[in-house]
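>>> Here is my input; please provide its structure:
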Amino acid sequence: MLKDFTLRDPAGAKYTAAVLIYIACAYTVGWIALFSPVLAINLLGVVLCTHSMIIAAYLLHDCGHSAVFLSAAGNARLGHVLNWITGSCYGRYEDIRHKHMRHHIDNCDPVSWDYRSFLKRHPLIEGTVKGAEWAYIPAVEILMHTMLVLAPWVIESKRQQRARTLAITCIRGGLLLAVLLVNAKAFALYVLCQLLLLTVLRFMDCYQHNYEVVFTLDDENAEFPHRGDAVFEQSNTYSNLLSHRYPWLNLLVLNFCYHNAHHQKPTLAWYRLPELDASMHAGQSPQALYFADQVRSFHKHRVARIHAEEYGADEVRSSLRAGNAVGVDALSFLTAF
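As a prediction, this is how the structure comes out:
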């Protein structure tokens with residue numbers, strides 16, 4: 001079993017150890033702080049718990065690419081643990097990995113459940129979602145994560161997972177119910193942590209690609225016009241750095257924002273991405289986006305984005321600068337359907 005945890009990049013052992021220690025400590029201390037009677041400590045707990053889940057999500061993403069360990073088994077074992085930390089454990093790690101590999105290979109965003117059609121069939125829910133999104137509540141992501149629990153009863157390909165999902169729902173639901181009964185404030189603060197997690201992940205996903213959303217995740221015979229097209233992949237992928245001037249700030253999202261570099265070499269560990277990004281072009285990347293532009297469009301189109309499936313015909317960088325880039329919701333690799 002120890003062989004399963006042979007690092008893909010032994011030279012980066014200190015970085016891997018540091019991020020694992022950070023996730024474990026920040027998540028544990030964060031949870032403890034949520035129970036404190038002191039508001040300032042509560043707020044610290046929210047920051048630590050939320051950020052540890054963000055880093056866990058992006059390290060899970062690296063596990064899916066076998067960027068942490070050489071063996072698939074080692075990456076899967078760590079991925080399962082990280083999936084519980086993020087709260088997305090209702091969906092299987094294996095399904096998360098399968099969906100994300102399709103994204104990389106087919107150069108599209110494949111899904112098996114169309115929430116947009118669901119909302120159009122249920123106008124009351126649609127109105128509630130629109131109101132929540134206007135109020136900056138990530139209602140679409142909440143809907144998608146709710147579907148993680150319901151998927152075995154709604155999506156044909158997930159039917160065999162009913163017993164597993166029931167067991168996990170009972171275990172995790174029981175733990176959260178215990179928190180609610182012991183300390184309702186701690187429970188509410190954890191809900192806030194989850195909402196912040198979903199908001200950060202959706203913000204990072206929103207403008208990283210100009211890919212088509214296709215509803216053929218479960219169709220093994222589906223054909224994709226851009227499958228394996230590296231030129232299309234790079235020209236429709238964007239690096240949305242939190243900061244170009246202060247690269248250390250990009251560690252806040254485990255360098256997930258160096259997205260062109262990631263798509264150039266998906267098995268490369270997070271701490272190697274800035275170096276690869278710098279080597280891919282001279283000076284400023286033609287695919288680089290700016291944080292302020294993203295925030296402006298993300299805010300402006302938060303309701304319109306509910307039914308959007310692609311950017312549109314405009315060039316993404318200029319569209320963002322003009323504040324016209326709508327973006328796309330529900331692209332998280334954590335929702336495995």
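
>>> Could you look up the SS state of the residue lying closest to residue 228 once chain neighbours are set aside?
Nearest non-adjacent residue to residue 228, counting by Cβ to Cβ, 6 or more residues apart in numbering: residue 105, 6.9 Å away. Yep, even glycine has a C-beta here, placed from its N, CA and C like the rest. In three-state terms, and counting by DSSP: H, G, I helix; E, B strand; the rest coil, residue 105 is helix.

>>> Test my guess that residue 105 contacts residue 227.
Yes: with contact defined as Cβ atoms under 8 Å, residue 105 counts as touching residue 227 (6.3 Å).

>>> Return the distance of the residue nearest to residue 228 relative to residue 229.
11 Å (Cβ to Cβ, to the nearest Å).

>>> Over to residue 140?
29 Å.

>>> If you count surrounding residues, which of these two has more?
residue 140 (23 against 14; other Cβ atoms under 10 Å).

>>> For the more buried one, report the pLDDT, please.
Looking at residue 140, its pLDDT reads 98.

>>> element containing it?
helix 139-154 (DSSP states H and E).

>>> Now that helix: buried residues?
Buried positions in helix 139-154, judged by neighbour count with 16 or more other Cβ atoms under 10 Å: 139, 140, 141, 143, 144, 145, 147, 148, 149, 151, 152.

>>> Ok, stretch 192-199 next?
Taking 16+ other Cβ under 10 Å as the criterion, stretch 192-199 shows 193, 194, 195, 196, 197, 198, 199 as buried.

>>> Distance from the chain centre to it, please.
Stretch 192-199 has its average C-alpha position 11 Å from the chain's average C-alpha position, going by Cα atoms, centre = their mean, to the nearest Å.

>>> Contacts for that stretch, please.
Applying Cβ atoms under 8 Å, 6 or more residues apart in numbering, the contact partners of stretch 192-199 are 30, 34, 46, 49-50, 53-54, 57, 86-87, 136-138, 141-142, 145, 332.

>>> With stretch 38-45 instead?
29, 30, 31, 32, 33, 34, 36, 185, 189.

>>> And for stretch 237-250?
Among residues not part of stretch 237-250, those counted as contacts by Cβ under 8 Å, 6+ apart are 204, 207-210, 252-253, 257-261, 263, 274, 277, 284-285, 287-291, 294, 316-317.

>>> Going through the residues you listed, which ones are buried?
Buried, going by 16+ other Cβ under 10 Å: 204, 207-210, 253, 257-261, 263, 274, 277, 285, 287-289, 294, 316-317, out of the contacts of stretch 237-250.

>>> quick one, helices of the chain?
13-34, 39-64, 72-86, 93-106, 115-121, 123-134, 139-154, 162-182, 184-206, 230-235, 259-264, 273-279, 291-300, 316-321 (DSSP state H).

>>> still on that earlier bit, may I ask which of the contacts of stretch 38-45 has the most neighbours?
residue 34 (25 neighbours).

>>> which residues touch it?
42, 45, 46, 49, 183, 185, 186, 189, 190, 193.

>>> avg pLDDT for stretch 220-240?
Mean predicted confidence for stretch 220-240 is 92.

>>> Distance from the chain centre to the least confident helix or strand in the chain by mean pLDDT, please.
Within the chain, no helix or strand scores below helix 316-321, which has a mean of 87 by mean pLDDT, DSSP states H and E. Using Cα atoms, centre = their mean, the mean C-alpha position of helix 316-321 is found 23 Å from that of the whole chain.

>>> Can you tell me which helices and strands that helix packs against?
helix 291-300 (3 or more Cβ pairs under 8 Å, 6 or more residues apart in numbering; DSSP states H and E).

>>> Now the helix it packs on: buried residues?
Per 16+ other Cβ under 10 Å, helix 291-300 contains these buried residues: 293, 294, 296, 297, 298.

>>> quick one: the first one from residue 28, how far?
What it means is residue 293. Remark: distance between residue 293 and residue 28 (Cβ to Cβ) = 37 Å.

>>> do residue 300 as well
From residue 300 to residue 28 the distance is 38 Å (Cβ to Cβ).

>>> Of all the helices of the chain, which one is nearest residue 4?
With Cβ to Cβ as the criterion, residue 4 lies closest to helix 72-86 of those, at 3.7 Å.

>>> what angle sits between that closest one and helix 162-182?
40 degrees (axes from the mean of the first three to the mean of the last three Cα atoms, to 10 degrees).
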